[in-house]
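Visitor: Output the structure for:
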Amino acid sequence: MRLASFKSSFFSIRSPKETKSYASFLRPSLRMSMALLLAGATMNSALANEQFASCTAALADKAKQEGVSQQTIDDVFPRLVHQDRVIELDRSQPEFVQTFPGYFSKRVTDWRTEKGKEMYAKHDKLLHKLSEKYGVPPHYLLAFWGLETNFGSYKGKMPVLDSLATLACDKRRSTYFTQEFLVAVKLMEREKLQKEEMIGSWAGAMGHTQFMPSAYTHYAIDGDGDGQINLWASEEDALSSAANFLANLGWERAFRWGREVQLPENFDYQESGYKNRKSLSEWHAQGVKKADGSELGEGDTTAYVIVPAGHNGPAFIAYKNFRVIMRWNNSEFYAIAVGVLADRIAGASGIKATLPDLPAYNRKDIIALQSKLNDLGFDVGKPDGIIGPATREGIRNYQISNNMIADGFPGLEVMAALNIDLETTTS
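Guide: Residues are numbered from 1 along each chain as shown. Below is the predicted model:
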């Protein structure tokens, strides 16, 4: 209970005279408590600032050793500010586990589709030039742009160098963020950027396409020919850099990301998932069709089936470029959203299956699920509240052993069979 709430409830059961008496008694102790709290906070803040100053001094030495000029060091490092909010965000975990319907419906929208078409018209010449050079069709570049920053309308609001320095000076992932911070400082110097214009996500992602400093350094290119690579100010630089990045990640020219499919009624869901890659000819022979019911086609191209919302939701078949999208952002939900949004920008109608209402599980629900599976011998690793590949595999194996549809999805029937008490909503 918060202090204000305690005071309100404490006084509400007494007469005005009693309240005055008790208030007179409590105020000195409350003032002392508040003073002690403030003193403690001040001491903690002072200690944190001292540690941050010591850490940034060490970072300055590393920057100098890696060739950053003294002028840049003198300009940047004294102005670095520890961002408490960054640590809060790095530590925070969402209360509820995201479902595919909830994720998808918020990201693949009519607005993003229409805005994507508008940007297609605006950058038509550049997009086709990039497609010819790098093999990435225009609608995919636009889909990434739309999902990352709403086509540049929101690029983040945190000072990137402050955020990266804060994370570099935190023990949790210091090695990674120290490297990203040093790369960002060198990038600032190389591109003649100002600290104040380097605004991005709390984790340091930057510009229209939210590149981390290392990706910016290695893959960003000058798309507008002005001699500077500026992923904040130049849409041409951002789109060109995205095309170059995807090509380097292994994008296969002339191939789709995948597509929505219809599965036969007798489909064995044990055969879904990345581990069960087959040729299109094999999927065709098993009765897998396009979403509109037409033939899937045949060939040696390998693909795998995904059921992100379980057997009651939509099904997709994923090709190699789907995995390339996941190298940009390691999430199947994200990769499906990019693919479908790209299709819609190119003129397709979107998915045909109805998105089911699914329980929005609390993280504690998933931890309980993982613990039960481990106890029963279906190893999912350390319970963490995250539904990853190991958890899905554990669920699938449990479903197989209990004659359930083995889609690897934590449906209500799985939770009920494991006697897990839930407090859920639907999405």
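
Visitor: alpha carbons only for contacts and neighbour counts from here, please
Guide: OK.

Visitor: which non-adjacent residue is nearest residue 350?
Guide: Among residues not flanking residue 350 along the chain, residue 344 sits closest, at 5.8 Å (CA to CA, 6 or more residues apart in numbering).

Visitor: For the one you found, grab the count of nearby residues.
Guide: Around residue 344 there are 23 other residues, counting by other CA atoms under 10 Å.

Visitor: which residues touch the residue at minimal distance from the centre of the chain?
Guide: Geometric centre of the chain, nearest residue: residue 329, 6.7 Å, by CA atoms, centre = their mean. Residue 329 makes contacts with residue 335, as judged by CA atoms under 8 Å, 6 or more residues apart in numbering.

Visitor: Quick check: the gap between it and residue 322.
Guide: Distance, residue 329 to residue 322, by CA to CA, to the nearest Å: 11 Å.

Visitor: quick one: common contacting residues for these two?
Guide: residue 335.

Visitor: just to revisit the earlier point, doesn't the residue nearest to residue 350 fall inside a strand?
Guide: No - assignment of residue 344 by DSSP: H, G, I helix; E, B strand; the rest coil gives helix, placing it outside any strand.

Visitor: I'd like the numbering to begin with 27 instead of 1 from here.
Guide: Got it, first residue is 27 now, which makes that one residue 370.

Visitor: Is residue 369 in contact with residue 163, as I believe?
Guide: No - when contacts are counted by CA atoms under 8 Å, residue 369 is not listed as touching residue 163 (10.6 Å).

Visitor: Return the helix or strand containing residue 111 as CSV; C-alpha atoms alone will do.
Guide: Assigning secondary structure by DSSP states H and E places residue 111 in helix 110-117. This file holds the C-alpha atoms of helix 110-117, laid out as CSV (Å, rounded to 0.1, in the frame of the first residue of the first chain):
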residue,chain,number,x,y,z
ASP,A,110,17.4,5.6,-15.3
ARG,A,111,14.5,4.9,-17.6
VAL,A,112,16.7,2.8,-19.9
ILE,A,113,17.6,0.5,-17.0
GLU,A,114,13.9,0.2,-16.1
LEU,A,115,12.9,-0.7,-19.6
ASP,A,116,15.8,-3.2,-19.9
ARG,A,117,14.7,-4.9,-16.7
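
Visitor: right, and the helix or strand after it?
Guide: helix 126-133.

Visitor: Show me what counts as buried in that next one.
Guide: 126-128, 130, 133 (16 or more other CA atoms under 10 Å).

Visitor: ditto for stretch 309-323
Guide: Residues of stretch 309-323 classed as buried: 309-310, 313-317, 322 (neighbour count, 16+ other CA under 10 Å).

Visitor: Check the offset of it from the chain's centre.
Guide: Counting by CA atoms, centre = their mean, to the nearest Å, stretch 309-323 is centred 32 Å from the centre of its parent chain.

Visitor: Could you do stretch 222-232 as well?
Guide: How far stretch 222-232 lies from its chain's middle: 15 Å, per CA atoms, centre = their mean.

Visitor: Noted, bye for now.
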